[in-house]
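K.L.:
Sequence first, then the predicted structure:
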Amino acid sequence: MLTTLFQHSSLSLSARAVLAALAFCGALALGEREAAAQAAPKPPVEAAPQAVPGFWDPRRRPERPDLSRLTVIRFLTETDYPPFNFTGPDGNPAGFNVDLARAICDEIKVTCTIQMRRFDTLLDALTSNKGDAIIASMAVTPPMRARVDFSDPYYRAPARFVSRKDAVMPEVRPEYLEGKKIGTVAGSAHEAYLKAMFTDAEIKSYPDSETMRAALRRGEVDFIFGDGISLAFWINGTDSADCCAFSGGPFVESRYFGEGIGIAVRKGNDLLRQALNWALFRVWEKGRYTDLWLRYFSISPF
């Protein structure tokens, strides 16, 4: 589903960010105290500070538009793409995108409604005035810009390498992977990037993300390369059987991996677009975006 997201986002948005605490503990004993120190209880495990990727430049504060002209924002989102969009236990819309939409409306001080639809119907619903804005992990791409206007990006979809845990590399460069087998999804932007940049590696293409990940788990390839958010969920989930981890850092070249994920509005609706940009910045500035990110994502794709 994350592949779908980041065709929405490719988004991916898949997931459609995602962050994990790193444990550290223990102490080294010296000299005659060594035996006693080893026998002593270890200090409690503490969580390392979690970092949330920033998508806003604090030096570029959006101007506050005339919000008095806004009385309601009718958000449209998709039906089933957890943790970004899903139906909650009470039957109401839930997820990262939904809670972000509510935070935006709270900042603007305007009534907010959220309607869930299939992803493939969202654009038609927007253009036919059945809603005012789409918040559904939709990618900002030139073809999409021709149909709708977008807010500033509220997250990005980085590409990442994953290896088995016994072969993790702190940094990945094309020369480091010479002769290595790299799995990726056929026809994806990730495959195109590998073919352009990692020309000395052996690229093995798979029909879908599940088959690609299974190949790494079985040791058929040395690395896989794909959407960082979907891979973060896989690494942290049961399907990976705790086999694997990220290698190297994120790849965010917009030519291949998109400009980011934005909120879509009808062409020419500058008032709403500017209001969304202002509210997104305020939500981030106040720390509410960070709270949402940490609530929904347990391991960082960045």
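P.N.:
Yes, it's here.
K.L.:
Against residue 140, how distant is residue 146?
P.N.:
To residue 140, residue 146 is 12 Å away according to C-beta to C-beta, to the nearest Å. Backbone N, C-alpha and C define where each C-beta goes, glycine included.
K.L.:
Doesn't residue 76 belong to a strand?
P.N.:
Yes. Checked against DSSP: H, G, I helix; E, B strand; the rest coil, residue 76 lies within a strand.
K.L.:
hey, what's it bridged with?
P.N.:
Assessed by DSSP bridges, residue 76 has beta-bridge partners residue 115, residue 134.
K.L.:
show me the contacts for it.
P.N.:
Taking C-beta atoms under 8 Å, 6 or more residues apart in numbering as the criterion, residue 76 is in contact with 114-115, 117, 122, 125-126, 130-131, 133-136.
K.L.:
coming back round to it: neighbour count: residue 146 and residue 140, which is higher?
P.N.:
Summary of the neighbour comparison: residue 146 and residue 140, criterion other C-beta atoms under 10 Å, with residue 140 having more neighbours (22 against 8).
K.L.:
circling back: out of the contacts of residue 76, who's nearest residue 218?
P.N.:
Each of those was checked against residue 218 using C-beta to C-beta; the closest is residue 136, at 34.3 Å.
K.L.:
how far away is the nearest residue to residue 180 once chain neighbours are set aside from residue 177?
P.N.:
Nearest residue to residue 180 in three dimensions, chain neighbours excluded: residue 222, at 4.4 Å (C-beta to C-beta, 6 or more residues apart in numbering). When distances are taken as C-beta to C-beta, residue 222 and residue 177 turn out to be 8 Å apart.
K.L.:
one step back: mind putting the contacts of residue 76 in TSV, pLDDT and distance to residue 265 included?
P.N.:
As requested, these are exported to TSV (pLDDT from 0 to 100; distance: C-beta to C-beta, whole Å):
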residue	pLDDT	distance to residue 265
114	97	15
115	96	15
117	96	16
122	97	12
125	97	13
126	98	8
130	97	13
131	97	10
133	98	5
134	98	8
135	98	10
136	96	13
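K.L.:
hmm, back to that, phi, psi of the residue nearest to residue 180?
P.N.:
Here is the backbone geometry of residue 222 (degrees, to the nearest 10): phi -80, psi -30.
K.L.:
Look up how far residue 179 lies from it.
P.N.:
Residue 222 sits 9 Å away from residue 179, going by C-beta to C-beta.
K.L.:
out of those two, which sits in the busier spot?
P.N.:
Using other C-beta under 10 Å as the criterion, residue 222 and residue 179 rank with residue 222 on top: 21 against 8.
K.L.:
doesn't residue 167 make contact with the more buried one?
P.N.:
Yes. The pair residue 222 and residue 167 passes the contact test of C-beta atoms under 8 Å, sitting 6.7 Å apart.
K.L.:
what about the helices in the stretch 1-150 of the chain?
P.N.:
Counting by DSSP state H, counting those that start in this stretch, one finds helices in the stretch 1-150 of the chain at the ranges 2-8, 34-39, 96-108, 122-127, 142-145.
K.L.:
So what's the residue count around the closest residue to residue 156 other than its chain neighbours?
P.N.:
Once flanking residues are discounted, residue 156 sits nearest to residue 260: 4.5 Å by C-beta to C-beta, 6+ apart. By the other C-beta under 10 Å criterion, the neighbourhood of residue 260 contains 21 residues.
K.L.:
Please apply the same query to the one 4 residues further on.
P.N.:
Counted with other C-beta under 10 Å, residues neighbouring residue 264 total 27.
K.L.:
Report the contact partners of it.
P.N.:
Taking C-beta under 8 Å, 6+ apart as the test, what residue 264 contacts is 122-123, 126, 133-134, 138, 144, 148-151.
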